[in-house]
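> my questions are about this predicted structure, shown below with the sequence.
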Amino acid sequence: MNKNEYLALIKDRMGERRYIHSVNVAKSAVQLAEKYGADVEKAEIAGILHDCCKEIPKEEMLQIILSGGIILDATEKSSSKLWHALAGACYVRDVLGIDDEDIFNAVKYHTTGRAGMSLLEKIIFTADFISDERSYSGVEIMREKAFNNIEDAMLFGLQFTISDLVKRKLPIHNNAILCYNDILTILEKKGLL
């Protein structure tokens, strides 16, 4: 499939707001890939598809996840908001036939992050925070950081997310904590902390 076919596919799977978000994430992902020297085509595809299962029924998400061989951990079982990323990764691999581990992981971890993320994974994680329609407090700081140092942007995004989850008394996935610690280590090694 090509870019336009992926866009048509997601347009049929989601509402207009989510479609615009996905197009904007793809646009930001391309810009970040160009900035940091990642594969632009893969960044665009992963950006387009990152939320491809966001608006399907939870039962369908769960079926896609289980059929894809993913076993939910305790946090994932209790936090169905995390399911769309897992289902999306399986859908991209198993239904769309995209046999690319980097795209699979970029979709799978775009919500929580994880330790040891590839450049493409970091790009999709960050692009999701800075897409054009985003308007949360601090988005301009995040956008600036994204094009100066992607790990610094990720740290800012993780701090935002973890703080929000703590305030709302919601569980924090272990991958987010491991990602946070990993990004701190990277920034420390670069002398940026």
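Now that the structure is in, tell me what you want to look at. Remember, it's a predicted structure, so these values are computed and weren't measured experimentally. Numbering: from 1, shown residues only.
> going forward, measure contacts between C-alpha atoms and count neighbours the same way
Fine.
> got a list of contacts for the longest helix along the chain?
In terms of residue count, the longest helix belonging to the chain (DSSP state H) is helix 16-36. Outside helix 16-36, the residues that touch it by Cα atoms under 8 Å, 6 or more residues apart in numbering are 7, 10-11, 38-41, 43-51, 120, 123-124, 127-128, 130-133, 146-147.
> what about burial for those, which qualify?
For the contacts of helix 16-36, a burial check counting by 16 or more other Cα atoms under 10 Å picks out 7, 10-11, 38, 40, 43-51, 120, 123-124, 127-128, 130-132, 146.
> that older thread, after the longest helix of the chain, next one along is what?
helix 40-49 (DSSP states H and E).
> pull the distance from whichever helix or strand comes after that following helix to the chain's centre.
Downstream of helix 40-49, the first helix or strand assigned by DSSP H and E is helix 58-67. The chain centre lies 19 Å from the centre of helix 58-67; the measure is Cα atoms, centre = their mean, to the nearest Å.
> so what touches helix 58-67?
53, 71, 80, 83-84, 86-87, 90-91.
> now do the buried residues in that helix.
58, 61-62, 64-65.
> after that helix, which helix or strand is next?
helix 74-78.
> helix, strand, or coil at the residue sitting nearest the centre point of the chain?
Nearest residue to the geometric centre of the chain (Cα atoms, centre = their mean): His110, 1.8 Å. Recorded secondary structure, His110: coil (DSSP: H, G, I helix; E, B strand; the rest coil).
> okay, it and Glu151: tell me how far apart.
Applying Cα to Cα, to the nearest Å, the value for His110 to Glu151 is 14 Å.
> can you check Leu86 too?
Distance from Leu86 to Glu151, by Cα to Cα: 23 Å.
> and for Ile130?
On the measure of Cα to Cα, Ile130 and Glu151 end up 14 Å apart.
> measure Leu158 to Ile65 for me?
25 Å.
> ok, back up a step: give me the more crowded residue out of Leu86 and Glu151.
Legend: neighbour count by other Cα atoms under 10 Å for Leu86 and Glu151, higher for Leu86 (27 against 22).
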